[in-house]
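Novice: Sequence and predicted model, in that order:
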Protein chains: 2
Amino acid sequence: MFLFELLYQSKRSKARVGVIHTPHGTIETPHFVPVATNGTMKAVDSVMLDPLQVQLMFCNTYHLMVQPGTDLIEKAGGLHAFMNRSKPVITDSGGFQVFSLLYGGVQNELKSSGQKKTGTMVIGISEEGVKFRSYRNGDYLLLTPESSVAAQKKLGADIIIPFDELPPFHIDQSKLEKSLHRTHRWEKRSLEAHLKDRRQQAMYSVVHGGIDQRLRTLSATLLDSLPFDGHAIGGSLGKNKQQMIDMLSYTVPLLAPEKPRHLLGIGDLASIEPILSLGIDTFDSSYPTKCARHGLLFTFQGSKKAVHKDLTTLFGPIDAGCVCYTCTHYTAAYVQHLFKAHEMIAYTLASIHNIAHMVERVNRYRQAILGGLL
Amino acid sequence: MFLFELLYQSKRSKARVGVIHTPHGTIETPHFVPVATNGTMKAVDSVMLDPLQVQLMFCNTYHLMVQPGTDLIEKAGGLHAFMNRSKPVITDSGGFQVFSLLYGGVQNELKSSGQKKTGTMVIGISEEGVKFRSYRNGDYLLLTPESSVAAQKKLGADIIIPFDELPPFHIDQSKLEKSLHRTHRWEKRSLEAHLKDRRQQAMYSVVHGGIDQRLRTLSATLLDSLPFDGHAIGGSLGKNKQQMIDMLSYTVPLLAPEKPRHLLGIGDLASIEPILSLGIDTFDSSYPTKCARHGLLFTFQGSKKAVHKDLTTLFGPIDAGCVCYTCTHYTAAYVQHLFKAHEMIAYTLASIHNIAHMVERVNRYRQAILGGLL
């Protein structure tokens, strides 16, 4: 069963410390949530991930629907059994990826003009849901609030997300408002479908409204009045960090303190402190592992170390004091060599390090909050 | 120090069982030797490899000279320390790769007309050695018997290989003979350089002569009279398996039984039994890991399983009874999903399985020889 305990509320900021209890164990918040799109971290398997203290992992329903299909995963005993992961998992609704198809990549959809429509894969949006074609085999698929929840029931994640529309950043006010109301209707339908067949899963709402304070207020207030187990903050988060911070500073206080709050899709190093200070409990991002694959290694001595710089004299770990698998077994010089030699195991070792670093970094913030420093 | 113990000689065939003692531990022969070109297995790091019972690993001097350079590896404490591998390692001389540049790919050079010369990277071959350009930065490099041995001293492998010329398969008799004599002179120079500065390393000869019985006889007889610690069988092994078998059946008996015999670059499943029956103790190949990356998984039930076939109902391991990391933690259906989703961790899990399979397969042959079955 799902339960959030708020253990400590900072007096200096809105930062807080808590524990989320789920059927697959606890998540000590604040916590970084790595993304495992296809039911695996990129370049790191579940068993290798296990000692890295990742307490919650984010999988993408849309990708898993398309490959290998939610029926197969259900037959395998659910996502945890399929990927051999015993710890908590959160899945999204599939909406984000479907709308990415419509408006282009995630970057475009959030930050570009939003005019670019790849179009062909999304057939149409109606009150019912979204009709689109599989990028793998061209099959027609209909994603609705009910089918998204049904898919997430088959996956069996501990935390699931209602189906929502992700409007592009550059959308006119009336369209944004229209989209928001439809999203609210979809979220309610999702919640109803979920509550009919709970199966020990929790459902977070997704607060929308772009960077419009009136709409965010409307969304947060409405969704907080419904029996969701927690809230995710999604939709367009603005075109820069300041817009996101502004939005969070007026949105988060509208959410009941007794429910956990998740920020969708943010995980760059510079954002961590401000979002925690604003009362975010968990946040997911593929940024640390994407950095890893590009040879950007996180450290506590100056945040990032690029493997294309000269590390050849570094016969010590990437980050002194880091206790991750990579740092305890290999030198920075060796990891750099693996990158230069185009050995794919470099991606594995770098990803392990960056994930471990993120978890440790957020743990340090947790201690800082408890120590009255944040 | 290096020592080969011949424990058992089959009465049914030339197959034998032994133990090679090296400064980094023992190798129970027969044994499969996976290839770790750049100082790592492809997609599998040293620590993950450790439980797979691989007792000898093959690294390529040429690649390590070019990246990261043998000086750096020496500074790191040698190849074992650099790659964090505590078990025995063998390096080649660099000759094979340099001549691959001259005659095209390995396949071409061994099996094609041998007419194709990529040329530009190899500047010239003389009695002194081979001058070529680095494929990474265009630097001029001279590889000679002495410089190859010096490079291998810096790497510090347990077993090293003298510098040899690899002539193409289609070479006329007089050129092949000329090449063979130069190779013998180069091998003697390599041995002299090695014996001046032994450093607890062993050196195997490389027996040449293509598929010409007279030349193989000449090569095996000459090299066996020199104080090499063992013999590798190299050069062109013929254009099909039968030619290789014919060659081994007249070459191997010329080699003193008290020295270990390594076959260079062979490791397909169908070749294992014949080469062991002909008295080969160790053999290296990148074939099992290359297969793995193409989704060909070895099993004891029908040798190979392709992940593009339907494994979606296989909620058991890839190979029933296999105790490798992959088979004990993941189902065939999951591994197949990772391949279909283009997740690179699929290559890791498949490589681990195929390596474990090869080691186990050869162990079973070892038992079969001891049991009088081979």
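Specialist: In hand now; what should we look at?

Novice: Then A:E273 would be within a strand, right?
Specialist: No. Membership of A:E273 in a strand is not supported by DSSP: H, G, I helix; E, B strand; the rest coil, which gives helix.

Novice: where in chain A is pLDDT low?
Specialist: A:102-120 (pLDDT under 70).

Novice: Now for it: which helix has the highest residue count?
Specialist: Under DSSP state H, the helix in chain A containing the largest number of residues is helix A:345-370.

Novice: and that one, which residues are buried?
Specialist: Using 16 or more other Cβ atoms under 10 Å in any protein chain shown as the burial criterion, the residues of helix A:345-370 that qualify are A:345-362, A:365-366, A:368-369. C-beta: built from backbone N, CA, C; applies to glycine.

Novice: Check stretch A:301-317 too.
Specialist: Neighbour counts over stretch A:301-317 (16+ other Cβ under 10 Å) mark A:K305, A:V307, A:L311, A:T312, A:L314, A:F315, A:P317 as buried.

Novice: Just the ones in strands from those residues, please.
Specialist: Among those, the residues falling in strands (DSSP state E) are A:K305.

Novice: okay if I get the buried residues of stretch A:301-317 as TSV plus distance to A:P30?
Specialist: Below are these laid out as TSV (distance: Cβ to Cβ, whole Å):
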residue	distance to A:P30
A:K305	24
A:V307	29
A:L311	31
A:T312	37
A:L314	31
A:F315	35
A:P317	26
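
Novice: how close does the nearest residue to A:I123 once chain neighbours are set aside get to A:T91?
Specialist: Distances taken as Cβ to Cβ, 6 or more residues apart in numbering or on different chains place A:K131 nearest to A:I123, at 4.1 Å, with adjacent residues excluded. Noted for A:K131: a distance of 21 Å to A:T91, by Cβ to Cβ, to the nearest Å.

Novice: And for A:E165?
Specialist: 18 Å.

Novice: quick one, which of these two is more surrounded?
Specialist: More neighbours surround A:T91 than the other of A:E165 and A:T91, with 26 against 21 (other Cβ atoms under 10 Å in any protein chain shown).

Novice: Look up phi and psi at that one.
Specialist: Summarising the backbone geometry of A:T91 under the convention degrees, to the nearest 10, its torsions are phi -120, psi 150.

Novice: just checking, A:A292 touches A:H357?
Specialist: No. Under the contact definition of Cβ atoms under 8 Å, A:A292 does not touch A:H357, with a separation of 9.5 Å.

Novice: who in chain A is up against chain B?
Specialist: Near chain B, the residues belonging to chain A are A:38-48, A:63, A:67-68, A:72, A:75-77, A:82-84, A:312, A:315, A:325, A:329-331, A:333-334, A:336-338, A:340-341, A:343-345, A:347-349 when assessed by Cβ under 8 Å from any Cβ of the partner chain.

Novice: PyMOL command for the buried members of the residues you listed?
Specialist: Here is the PyMOL command that picks out the buried ones among these, judged by 16+ other Cβ under 10 Å:
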select buried, chain A and resi 38+39+40+41+42+43+44+45+46+47+48+63+67+68+72+75+76+82+83+84+312+315+325+329+330+331+333+334+336+337+338+340+341+343+344+345+347+348+349
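
Novice: Which members of the residues of chain A next to chain B occur in helices, if any?
Specialist: Restricting those to those inside helices, with DSSP H as the criterion, leaves A:46-48, A:63, A:72, A:75, A:82-83, A:325, A:329, A:333-334, A:336-338, A:340, A:345, A:347-349.

Novice: Look up phi and psi at the residue in the stretch 51-200 of chain A that chain B sits nearest to.
Specialist: Closest contact between the stretch 51-200 of chain A and chain B, by Cβ to the nearest Cβ, is at A:P68 (4.4 Å). According to degrees, to the nearest 10, the main-chain angles of A:P68 amount to phi -90, psi 0.

Novice: Outline the domain layout of chain A.
Specialist: Dividing chain A into domains by automatic domain parsing, as the record does, gives the ranges A:3-285, A:300-374.

Novice: thinking the residue of the stretch 51-200 of chain A closest to chain B is in contact with B:T312, fair?
Specialist: Yes. Contact status for A:P68 versus B:T312: in contact at 6.6 Å, counting by Cβ under 8 Å.

Novice: Now list whatever residues contact both of those two.
Specialist: Listed as contacting both A:P68 and B:T312 by Cβ atoms under 8 Å, 6 or more residues apart in numbering or on different chains are B:A333, B:Q336.

Novice: so A:I245 sits right up against A:P274, yeah?
Specialist: Yes. Here A:I245 reaches A:P274: they are 5.3 Å apart, a contact under Cβ under 8 Å.

Novice: hey, what's in contact with both of the two?
Specialist: By the contact definition Cβ under 8 Å, 6+ apart, A:I245 and A:P274 are jointly contacted by no residue.

Novice: For the stretch 1-150 of chain A, which segments are assigned as strands?
Specialist: Applying DSSP state E, counting those that start in this stretch to the stretch 1-150 of chain A gives strands spanning A:3-9, A:16-22, A:25-29, A:31-34, A:57-59, A:89-91, A:122-125, A:130-133, A:140-143.

Novice: In three-state terms, label A:Y204 for me.
Specialist: Once three-state DSSP is applied, A:Y204 turns out strand.

Novice: Counting neighbours, what do you get for it?
Specialist: For A:Y204, the number of neighbouring residues by other Cβ under 10 Å comes to 25.

Novice: In contact with it, which residues are there?
Specialist: A:I90, A:I159, A:I160, A:I161, A:F228, A:D229, A:G230, A:H231, A:A232, A:P260, A:H262.

Novice: Next, the contact list for the third one, please.
Specialist: By Cβ under 8 Å, 6+ apart, the contact list for A:I160 reads A:I90, A:T91, A:S93, A:V149, A:Q152, A:K153, A:H194, A:Q201, A:A202, A:M203, A:Y204.

Novice: What residues does the first one make contact with?
Specialist: Residues in contact with A:I90, defined by Cβ under 8 Å, 6+ apart, are A:33, A:56-59, A:157-161, A:204, A:262, A:284.

Novice: now, which of these sits nearest B:A220?
Specialist: The shortest separation between B:A220 and any of the contacts of A:I90 is 58.0 Å, and it belongs to A:M57 (by Cβ to Cβ).

Novice: neighbours of the closest one, just the number please.
Specialist: Using other Cβ under 10 Å as the criterion, A:M57 is surrounded by 26 other residues.

Novice: Provide the partner residues of it in its beta bridges.
Specialist: Here A:M57 shows beta-bridge partners A:V89, assigned using DSSP bridges.

Novice: Which residues are in contact with it?
Specialist: Going by Cβ under 8 Å, 6+ apart, the list of residues near A:M57 reads A:V33, A:P34, A:V35, A:A36, A:M41, A:L49, A:R85, A:K87, A:P88, A:V89, A:I90.

Novice: export stretch A:51-70 as CSV, just CAs?
Specialist: As requested, C-alpha coordinates have been extracted for stretch A:51-70 and formatted as CSV (Å, rounded to 0.1, in the frame of the first residue of the first chain):
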residue,chain,number,x,y,z
PRO,A,51,23.5,-1.3,-5.2
LEU,A,52,23.3,2.3,-6.5
GLN,A,53,20.5,3.2,-4.0
VAL,A,54,18.1,4.2,-6.6
GLN,A,55,14.7,3.9,-4.8
LEU,A,56,12.4,4.8,-7.6
MET,A,57,12.7,4.3,-11.4
PHE,A,58,10.7,5.9,-14.2
CYS,A,59,9.5,3.7,-17.1
ASN,A,60,7.7,4.9,-20.2
THR,A,61,4.3,3.3,-20.9
TYR,A,62,4.2,4.4,-24.5
HIS,A,63,7.5,2.7,-25.4
LEU,A,64,6.6,-0.4,-23.5
MET,A,65,3.2,-0.6,-25.3
VAL,A,66,4.9,-0.5,-28.6
GLN,A,67,7.7,-2.9,-27.6
PRO,A,68,7.3,-5.6,-26.2
GLY,A,69,3.6,-4.8,-25.5
THR,A,70,1.9,-4.6,-22.1
